[in-house]
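1. Model the following, please.
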Amino acid sequence: MVTYAATLDVPRHVVEYLSRLLAAHRRRIGTPRGSRVLGPFRQAVLVLRWFRERGCVHCLARDAGISQATGYRYLHEGIDVLAGQAPDLHEVLDRCRAAGMTHLVLNGTLITCDRVAGVRDNGNDLWFSQKDKSFGGNIQFLAAPDGTPLWVSDVEPGSTPDITAARLHVLPALYKAAADGLPTLADKGYIGAEIGIRVPVRRPKGQSEKALDIDTRTTNTLIRDLRALGERTAAELKERWRALKHIPLSPTRIGDIARAAHVLNNHWK
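-> Just a heads-up that it's a prediction; the model follows:
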């Protein structure tokens with residue numbers, strides 16, 4: 001065997017933040033001191049390596065000197081601890097109103113996975129997205145006007161349209177926010193979302209957008225331009241936390257993993 005040194009390209013304060021969360025979790029569940037193979041700091045490194053490098057758990061466990069089963073247990077524990085720190089949607093909206101934000105940006109993305117279970121009533125695969133032609137889970141993101149990620153939803157199967165996932169997880173709260181003067185911008189996948197959700201007007205079937213009147217085209221352009229920064233949220237999270245590009249775990253874990261990545265992202269700066 002040949003050994004080599006490696007550097008985890010994550011700020012130390014992020015590792016220490018997760019380490020403190022894990023230590024507090026161990027105290028809360030009554031873990032005896034010294035009873036675990038890895039301390040909170042080394043467990044935090046294992047978890048962050050998985051998020052950052054999208055490494056195989058077998059390799060991470062081997063490097064840490066633990067079994068693969070223990071590696072999975074430590075990883076899932078870290079995901080749960082981080083996801084538990086994710087902000088509540090209503091608290092996020094209250095802070096946005098207090099900060100005087102002009103609008104929010106709603107966007108959905110498919111996070112692919114390679115473990116699929118379940119079928120729809122029509123017999124099709126529950127976790128297969130016809131839109132993206134991939135297996136995965138539908139996640140809804142809320143972002144500030146400057147693109148700062150604010151909130152991440154739980155997962156819905158990949159076959160779920162954005163508008164359906166949004167109705168389940170976020171639209172009721174956004175209606176209230178819109179009534180209080182905080183509208184939300186979204187793409188055409190949310191047409192029919194109703195009050196306070198501003199989406200571009202769809203062009204007539206078989207015609208170009210020039211078929212729309214000038215005022216409508218101007219409004220569409222304005223919505224797209226204002227939405228552009230906010231729609232980078234999912235892409236930037238996937239680029240920083242590469243585990244989000246493809247998750248080799250149960251698809252039911254995708255929501256917790258995405259929320260955990262969001263929490264880590266908030267503590268990166």
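2. For His246, grab phi and psi.
-> Dihedral pair for His246: phi -160, psi 120, per degrees, to the nearest 10.
3. To what extent is it buried, counted in neighbours?
-> 15 (other C-beta atoms under 10 Å). Backbone N, C-alpha and C define where each C-beta goes, glycine included.
4. Next, the contact list for it, please.
-> Shown in contact with His246 (C-beta atoms under 8 Å, 6 or more residues apart in numbering): 54, 111-114.
5. rerun that using 7 Å as the cut-off
-> Contacts for His246 (C-beta atoms under 7 Å, 6 or more residues apart in numbering) come out as 112-114.
6. roughly how far apart are it and Gly136?
-> For His246, the distance to Gly136 (C-beta to C-beta, to the nearest Å) stands at 8 Å.
7. Give me the common contacts of the two.
-> Here His246 and Gly136 have 112-113 as joint contacts, going by C-beta under 7 Å, 6+ apart.
8. And the helix or strand of the chain with the lowest mean pLDDT, how far out from the chain middle?
-> In the chain, no helix or strand scores lower on mean pLDDT, DSSP states H and E than helix 214-230, which sits at a mean of 81. Between the centre of helix 214-230 and the centre of its chain there are 25 Å (C-alpha atoms, centre = their mean, to the nearest Å).
9. which other residues reach that helix?
-> Here helix 214-230 has contacts from 103, 105, 107, 143-147, 185, 187, 198, 200-201, 209, using C-beta under 7 Å, 6+ apart.
10. before we move on, the earlier item: which of the contacts of His246 lies closest to Arg27?
-> Distance to Arg27, by C-beta to C-beta, is smallest for Cys113 among the contacts of His246, at 33.0 Å.
11. who's in contact with that closest one?
-> Residues in contact with Cys113 (C-beta under 7 Å, 6+ apart) are 135-137, 246-247, 251, 254.
12. measure it to Arg42 for me?
-> Taking C-beta to C-beta, one finds Cys113 at 27 Å from Arg42.
13. cool, Leu212 as well?
-> Between Leu212 and Arg42 the computed distance is 59 Å (C-beta to C-beta).
14. Just the ones in strands from the contacts of Cys113, please.
-> Within the contacts of Cys113, residues falling in strands by DSSP state E are 135-137, 246-247.
15. Give me the buried entries from these.
-> By neighbour count, with 16 or more other C-beta atoms under 10 Å, these hold 135-137, 247 as buried.
16. Show me which pair in these is furthest apart.
-> Farthest apart among those - using C-beta to C-beta - are Phe135 and Ile247, which lie 10.4 Å from each other.
17. Quick check, pLDDT for Gly192.
-> If you check Gly192, the pLDDT there is 87.
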